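Trainee: Sequence unavailable; structure follows:
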């Protein structure tokens, strides 16, 4: 598939999993992305760890660490490791998403300033073989601890047909030369 590429596997995410289990109150503090019944993300739970201050915006901004990141320190550790691995110039938003069993992210193309300004990398915090990240040309099955780049300007969606939550940490990185993974 040309729109998605696994960059690393076997990353130890157990400490991050434990921190998330200890902070259940962080899920869905900000529902701007998920509360609209027509949103492609309407079946997803979110934790925003880094973004612009205040409400979510698609306007140009400087991303900052939000309060949730202080309660889940592994988020910063992994975001910095991804920045180093891919040679990032600037760190943008950091979002943790959870797709419950039988739920999905519906087909969409990410738009707005932030989606266009940063490359997106996803660290799979919890995965199952019956979960898939999809594009028109196929499905990408990930394992817990996989790190992958994905092209957010092509229509994509995520399916969770497993009995387990799918938890992904999305790290937005500005690169001097955008990563294209073959796209």
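Mentor: Ah, there it is. Quick caveat, the model's predicted, so the values are computed rather than measured.
Trainee: what about residue 153, distance to residue 115?
Mentor: Counting by Cβ to Cβ, to the nearest Å, the gap from residue 153 to residue 115 is 7 Å. (Glycine included, C-beta is placed from N, CA and C.)
Trainee: Tell me if I am right that residue 101 is in a helix.
Mentor: No - the assignment for residue 101, made by DSSP: H, G, I helix; E, B strand; the rest coil, is coil rather than a helix.
Trainee: Verify the contact between it and residue 130 for me.
Mentor: No - using Cβ atoms under 8 Å, residue 101 is not in contact with residue 130, being 9.2 Å away.
Trainee: Between these two, which contacts overlap?
Mentor: Shared contacts of residue 101 and residue 130, defined by Cβ atoms under 8 Å, 6 or more residues apart in numbering, comprise 160, 162, 163.
Trainee: Could I get those in a markdown table, plus columns for neighbour count?
Mentor: As requested, the shared contacts of residue 101 and residue 130 are arranged in a markdown table below (neighbours: other Cβ atoms under 10 Å):
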| residue | neighbour count |
| --- | --- |
| 160 | 23 |
| 162 | 17 |
| 163 | 9 |
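Trainee: What is the nearest of these to residue 110?
Mentor: Nearest to residue 110 among the shared contacts of residue 101 and residue 130 is residue 160, at 19.1 Å by Cβ to Cβ.
Trainee: Roughly how far does residue 76 sit from residue 68?
Mentor: 11 Å.
Trainee: So between the two, which is more surrounded?
Mentor: Just comparing residue 76 and residue 68: by other Cβ atoms under 10 Å the higher neighbour count belongs to residue 68, 21 against 16.
Trainee: who touches the residue nearest to residue 90 when sequence neighbours are not counted in this structure?
Mentor: Closest residue to residue 90 apart from its sequence neighbours, by Cβ to Cβ, 6 or more residues apart in numbering: residue 174 at 4.0 Å. Each residue near residue 174 by Cβ under 8 Å, 6+ apart is listed here: 88, 89, 90, 91, 92, 117, 118, 119.
Trainee: Over to residue 12?
Mentor: Residue 12 neighbours (Cβ under 8 Å, 6+ apart): residue 145.
Trainee: For it, give its distance to residue 110.
Mentor: Separation of residue 12 from residue 110 (Cβ to Cβ): 28 Å.
Trainee: does residue 47 have beta-bridge partners, and which?
Mentor: residue 96 (DSSP bridges).
Trainee: This protein: helices as residue ranges?
Mentor: For the chain, the helices defined by DSSP state H cover 14-22, 67-71, 74-86, 113-117.
Trainee: Show me what the one helix or strand in the chain whose mean pLDDT sits lowest is packed up against.
Mentor: One helix or strand of the chain scores below all others by mean pLDDT, DSSP states H and E: helix 113-117, with a mean of 80. Here helix 113-117 touches strand 90-99, going by 3 or more Cβ pairs under 8 Å, 6 or more residues apart in numbering; DSSP states H and E.
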